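*Asks:* I would like the atomic coordinates for the input below:
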Amino acid sequence: MTAAVELTPMSNGSDDRILVAALTGALDHSNADQLREDVRAALAPEQRELVLDLTALEFCDSTGLRTLLDVRELLSERGGAVSLVNLNARLSKMFRITGLIRGFEVTADLAEALGGARARIRSSSS
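*Replies:* Alright, predicted model coming up:
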């Protein structure tokens, strides 16, 4: 059985420079390339910030981590960042052990992530 991961865009309020999306399912070697393409397709040209809600991400292996790093690089090239929201205990531990927690904006809730993304956009526009 092939694992599935789904990227679902969500409302972000009113800022068209931020893409908010939820990851659902399992992110692993069987679907990592598809997720990269889904993110590229979902990002509008003006979007520089990506907020990923991981509440429903049930599994992520090392290939999934690599994919999230690739997504971070894509946003970095646009002058933005990736915020991760609602990491479960297992994902949080994996990000801490690997040191990747320092490579992402990690927040406990969506409002905090959106506030950080808006602040980064304001500071880069100044």
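
*Asks:* so residue 50 is in contact with residue 73, correct?
*Replies:* No. If you go by Cβ atoms under 8 Å, residue 50 and residue 73 don't touch, sitting 11.6 Å apart. Using the backbone N, CA and C atoms, a C-beta is placed for each residue, glycine as well.

*Asks:* the chain: helices as residue ranges?
*Replies:* Using DSSP state H, the helices of the chain run over residues 32-42, 62-77, 89-98, 110-125.

*Asks:* centre-most residue in the chain?
*Replies:* residue 52 (3.6 Å; Cα atoms, centre = their mean).

*Asks:* tell me the contacts of that residue?
*Replies:* By Cβ atoms under 8 Å, 6 or more residues apart in numbering, residue 52 lies in contact with 21, 22, 23, 68, 82, 83, 84, 85.

*Asks:* got it, and residue 44?
*Replies:* Contact analysis of residue 44 by Cβ under 8 Å, 6+ apart lists 16, 19.

*Asks:* distance of it from residue 16?
*Replies:* 7 Å (Cβ to Cβ, to the nearest Å).

*Asks:* ditto for residue 103
*Replies:* On the measure of Cβ to Cβ, residue 103 and residue 16 end up 25 Å apart.

*Asks:* more crowded one of these two?
*Replies:* Ranked by neighbour count (other Cβ atoms under 10 Å), residue 103 and residue 16 place residue 103 first, with 17 against 10.

*Asks:* now that one: closest residue in space that isn't a chain neighbour?
*Replies:* Distances taken as Cβ to Cβ, 6 or more residues apart in numbering place residue 72 nearest to residue 103, at 6.3 Å, with adjacent residues excluded.
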